[in-house]
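Engineer: coords please:
(one chain, ligands or ions: 1)
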Amino acid sequence: MSILYNSRGMIYSELGDVRTAGEAMQLALDYARKTGVRSMLALALGNAADSQLRKGDFQKARSLAEEALALAQASHDLDSETLARQNIGMAKIGLKQIEEGKREVIAAIGVAEDQGQMASAADGWLELAQQLERMVDLDGAVQAYHHYRKLSDQVMRDDSRKAVLETQARFDNERQAKEIDLLNQGNLLKAEQVRAGDLRLRLWAALGGCVVLSGILMGLAYQRIRNTNRALALSNETLKLQGERDPLTGLANRRHFQSAVKRLADKGRFGGTVFLIDIDHFKRINDSYGHAAGDAVLVEVARRLRSILRDEDLVVRWGGEEFLIVLDAHQVASAGILAQRLLDKIAHPPISHGETLITVTASIGFASFPLAPHGVVLAWERAIDLVDTVMYMAKAHGRNRAFGVAAMAALDEAGVVDLCSRLEAAWHGGEVTLQALQGTSKTEESGR
Ligand SMILES: Nc1nc2c(ncn2[C@@H]2O[C@H](COP(=O)(O)OP(=O)(O)OP(=O)(O)O)[C@@H](O)[C@H]2O)c(=O)[nH]1
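Structural biologist: Numbering: from 1, shown residues only. A predicted model of the protein is given here:
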């Protein structure tokens, strides 16, 4: 029964029904206490503490997590001990013991990292970032989010390496099929050539008065060969284009970006203006209207972005609900004007999907490189790291807004990395100048 209620609690928790999830977790805990089975009790205590954290009852969450910690230590269960310590830290943050709680959560995440549990460590950083954001420790939240992005990128790289291998295998099969197709076309071409050769021989044999006729026939054969070659070249070009497009939105994908960015980077150093756009609360759109509606939103946002940009501007589907724009221009002022247009274009009018009107907003980070005022040039990975951090600040400050880097008191890349790791504080301390813009109307922004 305890396992059953645990599962029920987890399902309701995923659906966002905190109250029913809490009741189920409590029942799971009651049954686990009756059975006296330690592993079951540790699991139930961990989940119940987690549920209380979500409900905001930090005192209760803390006492449940402390009970779980004692149990985990007694049974030498390192995983449960780490979870319990993390929950205790989160509860302390909720109880306004922010620095102590932060230390405990970070130590618990460190243990998970040492154990090689990178996905759960990444989740830990994200939860910490959200908890600190709730407690208005924005600097701490931005730093935690930075760690989360780094680690989740690493996890995603590992996952996507697997996915890439599978996709590669699929792509190879498709390519093989295409190559067979091309080979057939090649054979046809050769057959055409042989036929043309035959024709030539016969024509030479017939010679004499047939010279004019043979010339015409040879001309026709030559024309056919040229057409076949043109078809081959077109087919190769189509193959290359398909591999660099996102199939849902038709925008360029990351692979295309990698080759395009080489054109914009001088010896790996990046020049231009970058915007990172992340749709706000996109998970809610999927949860409320369904995955197909989420897809429709992505397609429409992609169309709107393209509609206000020039053909030569690069627009990339960067991740699930993230888009990256790269302009070959360096003016920060005009970047601000474009950021405002992007915010407004995404939000107005609401996107229609069947009978439903879906209100969509986005958060945007942007910066122009080399960085003002000292003209610091960055590798493109660092440039995107910086824009990603500024984008998260736009999220942390309420969403439906754009933050852009106008100037940074850094003389080299190391200085930029340092300021980026404490951006909120550096902004307030005057070491960084940010341009902050807001979407013109916040119709549906519900915050947290
Ligand atoms: N429909 C659809 N959903 C996707 C696609 N790719 C990713 N997603 C979903 O996008 C959601 C992203 O959610 P989160 O990363 O939590 O971010 P969010 O809800 O936008 O919240 P904030 O970014 O904090 O405002 C996840 O639920 C993904 O499943 C896609 O191609 N189609």
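Engineer: and the closest residue to the ligand within the stretch 301-448 of the chain, how far is that from V387?
Structural biologist: The ligand sits closest to G320 of the stretch 301-448 of the chain, with a gap of 2.5 Å, by Cβ to the nearest ligand atom. Backbone N, C-alpha and C define where each C-beta goes, glycine included. As for G320, its distance to V387 is 17 Å (criterion: Cβ to Cβ, to the nearest Å).
Engineer: So which of these two has more stuff around it?
Structural biologist: V387 (24 against 12; other Cβ atoms under 10 Å).
Engineer: Next up, identify which helix or strand that one is on.
Structural biologist: Using DSSP states H and E, V387 maps to helix 380-396.
Engineer: Not counting its own residues, what contacts that helix?
Structural biologist: If you take Cβ atoms under 8 Å, 6 or more residues apart in numbering as the criterion, helix 380-396 is touched by 133, 138, 141-142, 145-146, 149, 261, 264-265, 268, 270, 274-278, 280, 324, 363-367, 369, 378, 401-405, 413, 416-417, 420, 423-424, 427, 434.
Engineer: Derive a PyMOL selection command for the buried subset of these.
Structural biologist: Entered in PyMOL, the line below selects the buried ones among these, by 16 or more other Cβ atoms under 10 Å:
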select buried, resi 133+138+141+142+145+146+149+261+264+265+270+274+275+276+277+278+280+324+363+364+365+366+367+369+378+401+402+403+404+405+413+416+420+423+424+427+434
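Engineer: what's the nearest residue to L437 once chain neighbours are set aside in contact with, if anything?
Structural biologist: Among residues not flanking L437 along the chain, A402 sits closest, at 4.4 Å (Cβ to Cβ, 6 or more residues apart in numbering). A402 sits next to 336, 339-340, 342-343, 363-366, 394, 435-438 when contact means Cβ under 8 Å, 6+ apart.
Engineer: picking that back up, out of the contacts of helix 380-396, which are inside strands?
Structural biologist: Using DSSP state E, 265, 270, 274-278, 324, 363-367, 369, 378, 401-405, 434 are the members of these that sit in strands.
Engineer: So in terms of bridging, what pairs with the residue nearest to L437?
Structural biologist: With DSSP bridges as the criterion, A402 is bridged to I364, L437.
Engineer: and the closest residue to the ligand within the stretch 151-300 of the chain, helix, strand or coil?
Structural biologist: Relative to the ligand, the nearest point of the stretch 151-300 of the chain is G294 (2.6 Å; Cβ to the nearest ligand atom). For G294, the assignment made with DSSP: H, G, I helix; E, B strand; the rest coil gives helix.
Engineer: Counting neighbours, what do you get for it?
Structural biologist: Residues near G294, counting by other Cβ under 10 Å, number 22.
Engineer: What of the one 3 residues further on?
Structural biologist: If you count neighbours by other Cβ under 10 Å, V297 ends up with 21.
Engineer: who are the neighbours in contact with it?
Structural biologist: When contacts are counted by Cβ under 8 Å, 6+ apart, V297 touches I279, F282, I285, I351, H353, I358, V360.
Engineer: In TSV: the residues you listed, plus distance to L64, secondary structure and neighbour count.
Structural biologist: As requested, the contacts of V297 are exported to TSV (distance: Cβ to Cβ, whole Å; DSSP: H, G, I helix; E, B strand; the rest coil; neighbours: other Cβ atoms under 10 Å):
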residue	distance to L64	secondary structure	neighbour count
I279	35	strand	21
F282	32	helix	18
I285	33	helix	23
I351	42	strand	22
H353	42	strand	18
I358	39	strand	17
V360	38	coil	23
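Engineer: near the ligand too, which of those?
Structural biologist: When contact is defined as Cβ under 6 Å from any ligand atom, these meet the ligand at I279, F282.
Engineer: Out of the contacts of V297, which is nearest to L83?
Structural biologist: Nearest to L83 among the contacts of V297: F282, at 28.0 Å, using Cβ to Cβ.
Engineer: picking that back up, would you agree the residue of the stretch 301-448 of the chain closest to the ligand falls within a helix?
Structural biologist: No. Counting by three-state DSSP, G320 is not found in a helix; it is coil.
Engineer: Could you report the separation of the residue nearest to L437 from K150?
Structural biologist: 23 Å.
Engineer: ok, what's across the strand from the spatially closest residue to P373 that is not a sequence neighbour?
Structural biologist: Spatially, and ignoring its direct neighbours in sequence, P373 is nearest to A407 (5.2 Å; Cβ to Cβ, 6+ apart). Beta-bridge partners of A407, counted by DSSP bridges, are T433.
Engineer: Can you tell me the number of residues neighbouring A407?
Structural biologist: Using other Cβ under 10 Å, A407 has 15 other residues around it.
Engineer: How about L188?
Structural biologist: Residues near L188, counting by other Cβ under 10 Å, number 12.
Engineer: Find the helix or strand that it is a member of.
Structural biologist: helix 138-206.
Engineer: The ligand contacts on this protein?
Structural biologist: 248, 278-283, 286, 291, 294-295, 298, 320-321, 395.
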